[in-house]
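Chemist: Just the structure for this:
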Amino acid sequence: MKFYLDEDLPARVAELLRRRGFDALSVHEVGNFRFSDREQLAFAAREGRCLVTRDARHFVARMPASSSARRVSADSSSEPSLKR
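Modeler: Just a heads-up that it's a prediction; the model follows:
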């Protein structure tokens, strides 16, 4: 799975994910700061990447009904595992 990290996440997160063997790219690295939410989703889709954001409620509201995108949320009480 390829990840595209939204601007609300530090660019360093993408770097740390790559060190662990994940394919990760950040808005900060590609310069898509002025993109709207729809444009961020479209970019992620074109690149075949999963959009990772802390602001999911805004993106979910903007997803077209025909979208194959799905919302996945992490349980904030547990730490996600980055082990491969």
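
Chemist: the bottom helix or strand of this protein by mean pLDDT?
Modeler: helix 56-62 (a mean of 61; mean pLDDT, DSSP states H and E).

Chemist: bridging residues for the residue nearest to V13 when sequence neighbours are not counted?
Modeler: Closest residue in space to V13, ignoring its immediate chain neighbours: L5 at 5.8 Å, by CB to CB, 6 or more residues apart in numbering. Placement of C-beta: from N, CA and C, glycine included. Judged by DSSP bridges, the bridge partners of L5 are S26, V52.

Chemist: OK, contacts around L5?
Modeler: Under the criterion of CB atoms under 8 Å, 6 or more residues apart in numbering, the contact list for L5 reads 11, 13-14, 24-27, 52-53.

Chemist: how close does it sit to R19?
Modeler: Distance of L5 to R19, given as CB to CB, to the nearest Å: 14 Å.

Chemist: In terms of helices and strands, where is the nearest residue to V30 once chain neighbours are set aside?
Modeler: Computed as CB to CB, 6+ apart, the closest residue to V30 that is not its neighbour in sequence is F43, at 7.9 Å. Per DSSP states H and E, F43 falls inside helix 37-46.

Chemist: And that helix, what's buried?
Modeler: Residues of helix 37-46 classed as buried: 37, 40-41, 43-44 (neighbour count, 16 or more other CB atoms under 10 Å).

Chemist: Wait, the residue nearest to V30 touches S36, no?
Modeler: No - between F43 and S36 there is no contact under CB atoms under 8 Å: 10.5 Å.

Chemist: rewinding a little: go through the buried residues of helix 37-46 and name the one nearest G31.
Modeler: F43 (11.1 Å; CB to CB).

Chemist: quick revisit: ok, now how distant is the residue nearest to V30 from V27?
Modeler: Taking CB to CB, one finds F43 at 9 Å from V27.

Chemist: list residues touching both of those two?
Modeler: Going by CB under 8 Å, 6+ apart, residues that sit against F43 and also against V27 are 4, 35.

Chemist: so what's the closest residue to T53 other than its chain neighbours up against?
Modeler: Spatial nearest neighbour of T53, chain neighbours left out: D6 (3.7 Å); criterion: CB to CB, 6+ apart. Taking CB under 8 Å, 6+ apart, we find D6 in contact with 27, 40, 51-55.
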